[in-house]
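>>> just to be clear, the model below is a prediction. Sequence and coordinates:
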Amino acid sequence: FIKSFKCIDIILLNIYALFCICKIMIRSYSLILAFIMSCFINMYSQTVNGAMPSLTLVNKTTFDSAKVQIFYEFSYLQDSTDIAKRINGQTMLTIGKQICGFCDYFSWKNDSINDAYYEQGRSSIEYFAAAMSLEKPTYTYPLVKDISKKEATIQIEGLGTYQYTQALPVINWEVIGGDSIINNINVTKAKCSFGGRDWTAWFAMDYPVPYGPYLFDGLPGLIVSIRDSKNNFSFRLNGIINVSEGMPIYLHKNIKIIKTSREKARQAYRNEKEDPLRAIKINMPGVIIPPETAKTIKQKTYNPIELE
C-alpha cells in the first residue's frame with residue numbers, strides 16, 4: 001500500500017484504506033483495530049523520531065445539549081434472505097430542549113474516549129488500546145431531529161459518509177391496544193407503514209415524550225420497542241439515564257462528508273454495496289490495492305432501513 005513514509009497524510013490515508021478493506025474482509029472489530037494499530041505503530045516508527053501523532057478532539061457540529069439518554073438494543077438483517085446473518089448492536093437516543101439525536105452507542109463511546117483522553121493529555125497508543133475493547137458499531141444512520149424546524153439531518157455511514165436534510169416524516173400511527181409489559185414498563189401497541197415497511201411499535205404512556213428510535217416519532221408516549229413485519233430491523237429499549245450535566249447532541253463534521261440530497265445519498269450507499277472495490281477507489285484516490293486483495297472484495301447485500 002505504502003510507497004513513501006515522507007508524508008503523514010499518505011500514511012493516514014493508507015491506514016484508512018486498510019480499515020475500509022478490513023471492514024469488508026473481517027467481521028471482528030477487535031481484530032480490525034488490532035491490525036490497524038500494529039500497522040499504525042509500525043509506520044510511525046519509521047517517521048522522524050518515531051513519534052506517534054497527538055490526539056485531537058473529534059470534529060463535530062453540536063446542535064443541543066441532552067438531558068436524557070435512552071438506550072435501545074438494535075438488531076438487523078444485513079441480508080433479508082438469510083435470517084442466520086442477524087447483526088446485533090446498541091443504539092442511543094438523546095433528548096434536548098429542541099433537538100433529539102440518534103446514533104450508534106459504540107461510535108459515540110469511541111468519540112467520548114477520544115475526547116476524554118485528549119483532555120487528559122493521554123497518548124494515541126492509550127486511546128487505541130481503549131478503543132480495541134469496544135464492540136463494532138452496527139447502526140449506520142446517525143441523525144439529529146430539529147423539533148422546532150420539523151426537519152432531520154441524517155448521515156449514512158459507509159466507506160464514505162453522505163449527509164442530507166429532510167422534513168420530519170408525518171407518520172400515520174394506528175393505536176390498536178393490546179396492552180403488554182416490556183422491561184417492567186406498561187406499553188400499548190401501535191402500527192404504521194413507513195419507508196416501504198410495515199412496523200409494529202409498543203409505546204409507554206407513563207413516559208409522555210413522543211420520541212423513539214430513528215425517525216419514529218409522534219406517538220403519545222416513548223417508543224419502547226419497534227420492529228418491521230419481516231423482522232429485518234428491530235429496536236428494544238434497555239436503559240434510561242438522566243444526564244446531570246448536559247452532553248452534546250452532535251453529528252460528525254469533516255471535509256470528507258458529502259452533503260447531498262436524500263436520493264443521491266441513498267444511491268451512493270447502494271453503489272458502495274454493489275461495487276465496494278470501486279467505492280474504495282473513489283473515496284481514497286491514490287491508494288494502491290494489490291490484485292490478490294482486490295479479488296477478495298465482493299459485492300455486499302443492500303438492505304436499508306427505508307426501502308423507499
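Looks like it came in fine.
>>> what about the closest residue to Gln90 other than its chain neighbours, neighbour count?
Once flanking residues are discounted, Gln90 sits nearest to Tyr105: 4.0 Å by CB to CB, 6 or more residues apart in numbering. Every residue, glycine included, has its C-beta placed from N, CA and C. When counting by other CB atoms under 10 Å, one arrives at 22 neighbours for Tyr105.
>>> likewise for Gln299?
10.
>>> same check on the one 4 residues further on?
Residues near Asn303, counting by other CB under 10 Å, number 16.
>>> swap in Glu135?
14.
>>> that one touches Gly89, doesn't it?
Yes. Between Glu135 and Gly89 a contact is recorded at 7.2 Å, counting by CB atoms under 8 Å.
>>> now the common contact residues for those two.
Jointly contacting Glu135 and Gly89 under the rule CB atoms under 8 Å, 6 or more residues apart in numbering are Phe106.
>>> that older thread, spit out the contact partners of the residue nearest to Gln90.
Neighbouring residues of Tyr105 by CB under 8 Å, 6+ apart: 71, 89-92.
>>> now, which of those residues sits nearest Ser65?
Met92 (15.0 Å; CB to CB).
>>> how close does that closest one sit to Pro210?
The gap separating Met92 from Pro210 is 18 Å, by CB to CB, to the nearest Å.
>>> same check on Asp111?
Taking CB to CB as the measure, Asp111 and Pro210 are separated by 27 Å.
>>> how about low-confidence regions in the stretch 201-308 of the chain?
For the stretch 201-308 of the chain, applying pLDDT under 70 flags no range at all.
>>> how about the strands in it?
Secondary structure of the stretch 201-308 of the chain (DSSP state E, counting those that start in this stretch): strands at 222-228, 233-252, 258-259.
>>> okay, buried residues for the host helix or strand of Glu126 please.
According to DSSP states H and E, Glu126 maps onto helix 124-131. Neighbour counts using 16 or more other CB atoms under 10 Å place 124, 127-128, 130-131 of helix 124-131 among the buried residues.
>>> what about Tyr117, how many neighbours?
18.
>>> how about it, what does it touch?
Contacts of Tyr117 by CB under 8 Å, 6+ apart are 55, 123, 126-127, 130.
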